[in-house]
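Undergrad: coordinates only, sequence not included:
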DNA sequence: TAACCCGCAACGATATACGTTACACTAAAG
DNA sequence: CTTTAGTGTAACGTATATCGTTGCGGGTTA
């Protein structure tokens, strides 16, 4: 069981992509082809990274879309697992 | 570049979980705590596997939620990559 | 025939991604 | 001090997605 809160991918994006290149949010949003608000929401953890956005990031920053989606998945999964005790689910397979 | 269409996770779910246990859709849906329609949509490729659903599957079938979300991610990513040429994105990092 | 299972259409509630516009705050430059 | 650039974010609209309920037609089986 992994027990530490995975960072929101937006934080990583800012620290690893925008800051090293000295990019402003406005500049990066324009280059990515999205609105400033859309990028800002991601950077501040108010929106997730969609598959389409992951592809945009891969094109702009020469990375893999998979790595971005993977981070998003880990983040979503961690939050979903936190509430798993509230789900009433019967076991269907033998342990 | 991976070039083969990844299967929809719903197919895998049916083949690897429902059929081996001889479960009907109705039974499985009840055990998972979702409506028959919800599960049917997933099995027939009309809905994706959400993080919450992945946790339900992990509890019912003694698997990892990550494996289900990973399959969903590969599926979504493949479809997003297919249209990446339509995205107007500027490169921001040196190759 | 009757009981059960299935896919699916229709409708609503809720959430997310994305856009535009507008406002207030900050920091830097004139 | 005034102007400007950058930022966060609220409001509002649109499109799409998950998930629920209800109901219907078709298939299988007892």
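TA: Nice, I can see it. Just so it is clear, the structure is predicted and the values come from calculations on it, not from any experiment.
Undergrad: how about the residues of chain A near DNA strand D?
TA: A:24, A:25, A:26, A:27, A:36, A:37, A:40, A:41, A:43, A:44, A:46 (CB under 7 Å from any atom of the strand). For every residue, glycine as well, the C-beta is placed using N, CA and C.
Undergrad: between the top helix by length along chain A and helix B:65-82, how big is the angle?
TA: Selection of the longest helix in chain A by residue count, based on DSSP state H, yields helix A:65-82. For helix A:65-82 against helix B:65-82, the angle by axes from the mean of the first three to the mean of the last three CA atoms, to 10 degrees is 150 degrees.
Undergrad: tell me what helix A:65-82 is packed against?
TA: helix A:9-13, helix A:51-61, helix B:51-61, helix B:65-82 (3 or more CB pairs under 8 Å, 6 or more residues apart in numbering or on different chains; DSSP states H and E).
Undergrad: Need the mean per-residue confidence for the second one.
TA: Per-residue pLDDT values across helix A:51-61 average out to 97.
Undergrad: ok, residue A:16 to residue A:41 distance?
TA: Residue A:16 sits 18 Å away from residue A:41, taking CB to CB, to the nearest Å as the criterion.
Undergrad: Between the two, which has more neighbouring residues?
TA: residue A:41 (15 against 12; other CB atoms under 10 Å in any protein chain shown).
Undergrad: show me the contacts for that one.
TA: Contact analysis of residue A:41 by CB atoms under 8 Å, 6 or more residues apart in numbering or on different chains lists residue A:47.
Undergrad: and the angle for the host helix or strand of it with helix A:65-82?
TA: For residue A:41, the element it lies in under DSSP states H and E is helix A:36-43. With the same axes, to 10 degrees as the basis, helix A:36-43 and helix A:65-82 are set at 60 degrees to each other.
Undergrad: How about residues contacting the helix or strand of chain A with the lowest mean pLDDT?
TA: When each helix and strand of chain A is scored by mean pLDDT, DSSP states H and E, helix A:19-21 comes last, with a mean of 93. Contact partners of helix A:19-21, identified using CB under 8 Å, 6+ apart, comprise B:92, B:93.
Undergrad: end-to-end on stretch A:15-31?
TA: Start-to-end span of stretch A:15-31 (CA to CA, to the nearest Å) is 17 Å.
Undergrad: thinking again about what came up before, separate out the buried members of the residues of chain A next to DNA strand D.
TA: Among the residues of chain A next to DNA strand D, those scoring as buried are A:25, A:27, A:40, A:43 (criterion: 16 or more other CB atoms under 10 Å in any protein chain shown).
Undergrad: any idea which of these is the one closest to residue A:79?
TA: residue A:43 (18.5 Å; CB to CB).
Undergrad: which residues sit in contact with the closest one?
TA: Residue A:43 neighbours (CB under 8 Å, 6+ apart): A:10, A:11, A:13, A:14, A:18, A:25.
Undergrad: And the pLDDT for the fourth one?
TA: The predicted structure scores residue A:14 at 96 on the pLDDT scale.
Undergrad: For it, list the residues it contacts.
TA: residue A:43.
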